[in-house]
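>>> Model the following, please.
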Amino acid sequence: MHHPALRFLGHSTTRLELGGRVVLTDPVLTPRVSLLRRVVPPLRAEDWADADLVLISHLHGDHLHPPSLRLLRPDTRVVVPRGAAEWVRRRGVRRVEEIDVGQEIREGGLRVTAVPAAHSGHRWGPRSTRGPQSPALGHVLEADGLRVYAAGDTDLFDGMADLGALGLDVALLPVWGWGPNLGPGHLDPERAAEAVDVLRPRLAVPVHWGTLAVAGLTRAPAGHGARMRALLHDPPHRFAVAARKRGSTSTITIARPGQDVPLDGTAPDPGDRTNGPFLRTYRTNGPFVQGDGGPGEGHRE
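This next block holds a predicted model:
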């Protein structure tokens, strides 16, 4: 008997157990990605080795990472946006297929539907248009009586209200990135809180934060390092505060990379297997819990 489960593995990578299958979103599994390095504890093989299905939201290197895909079993089903399959196959990934907005796939008892995202679809975009291009996607996963929206990278878009009308149980929403600034096509904490207003999920989990940074930037002088350390820590808490100020009734659970997220929105076990208590559940229409892990307390490597 399988039970639905969610683990935030860092950045946009999550592990979902739904419909008797293990799903990874945008797996980045290695200590380094180009000029970026992982600034939180490394993943363990057990986090990803049993994956049945991989969902790639778009082609950017911190979401579509061929070295990470090559770590998975050769028979792992990798689903990429339309037009990207052959490029991925040429990089040593065997079982690749494509999906476009509105299309769906099934994997065991799990149904996955591709939905829009407002984000650049170029591998090297948005500033460069060379290399492969595919539409950026989000995904809606349905199984076990749950409906989960994995947004990938996106800004607010008109069709987001249609997703809210589906009746979402969980929304995995990006709230920052890996650098000191955000380019176009991203949600910052305050815009992510707007997205919660539109989506109205029972549970919102901030992702795309606190995991990757340019090597050495967290130690840069003249206050730049301190700012980067804060940006590796503060965005999900800013998101929770902004959602509360907007009167959201969604529960928000903030997990450190590597932590399990209770899908029923209950308070998590503070003795989680990562290095110390961090995971926080906020009832946005109730008192805001401050203290260790709250906004402005900085990131510690």
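
>>> From here on, just use CA atoms for contacts and neighbour counts.
Noted.

>>> quick one, what contacts the residue nearest to L69 when sequence neighbours are not counted?
Excluding the flanking residues, the one nearest L69 by C-alpha to C-alpha, 6 or more residues apart in numbering is V93, at 6.7 Å. Going by C-alpha atoms under 8 Å, 6 or more residues apart in numbering, V93 touches P66, L69, R70, P74.

>>> If you count neighbours, what's buried in stretch 22-40?
Buried residues in stretch 22-40, counted by 16 or more other C-alpha atoms under 10 Å: 22-29, 32-33, 36-40.

>>> related to what we said a few turns ago, state the helix or strand in which the residue nearest to L69 lies.
Per DSSP states H and E: V93 is located in neither a helix nor a strand.

>>> quick one on the thing from earlier: and which of the buried residues of stretch 22-40 is nearest D162?
Nearest to D162 out of the buried residues of stretch 22-40 is T25 (C-alpha to C-alpha; 21.8 Å).

>>> Tell me the bridge partners for the closest one.
T25 forms beta bridges with T14, L55, as assigned by DSSP bridges.

>>> hey, where'd the strands end up in the stretch 201-301 of the chain?
Per DSSP state E, counting those that start in this stretch, the stretch 201-301 of the chain carries strands over the ranges 203-207, 212-214, 251-254, 259-260, 280-283.

>>> If I average pLDDT within each of those strands, which one is lowest?
Ranked by mean pLDDT, the strands of the stretch 201-301 of the chain bottom out at strand 280-283, with a mean of 54.

>>> picking that back up, separation between the residue nearest to L69 and L9?
21 Å (C-alpha to C-alpha, to the nearest Å).

>>> Kindly report the same for W178.
As for W178, its distance to L9 is 15 Å (criterion: C-alpha to C-alpha).

>>> repeat for L141
L141 is 18 Å from L9, where distance means C-alpha to C-alpha.

>>> Pick out whichever of those two has more residues nearby.
L9 (27 against 24; other C-alpha atoms under 10 Å).

>>> so what's that one up against?
Residues counted as contacts of L9 (C-alpha under 8 Å, 6+ apart) are R15, L43, D47, P257, G258, Q259.

>>> Top of those by number of neighbours, please.
Ranked by neighbour count (other C-alpha under 10 Å), the contacts of L9 have P257 at the top, with 26 neighbours.

>>> can you pull the contacts of that one?
Applying C-alpha under 8 Å, 6+ apart, we find P257 in contact with F8, L9, G10, H11, V40, G210, T211.

>>> The second one belongs to a strand, doesn't it?
Yes. Secondary structure assignment (DSSP: H, G, I helix; E, B strand; the rest coil) places L9 inside a strand.

>>> Distance of it relative to Q259?
To Q259, L9 is 7 Å away according to C-alpha to C-alpha.

>>> Flag the shaky bits of the stretch 1-150 of the chain, pLDDT-wise.
Counting by pLDDT under 70, the stretch 1-150 of the chain contains low-confidence residues at 1, 122-131.

>>> Now the residue of the chain most remote from its centre: phi and psi?
Most distant from the centre of the chain: A222, at 31.0 Å, with distances by C-alpha atoms, centre = their mean. Torsion angles at A222 (phi, psi; degrees, to the nearest 10) stand at phi 60, psi 30.

>>> Check D234 too.
Note on D234: its backbone torsions stand at phi -80, psi -30 [degrees, to the nearest 10].

>>> all helices for this protein, in order.
Listed in chain order, the helices of the chain (DSSP state H) span 66-69, 85-89, 160-164, 189-199, 224-231, 235-245.
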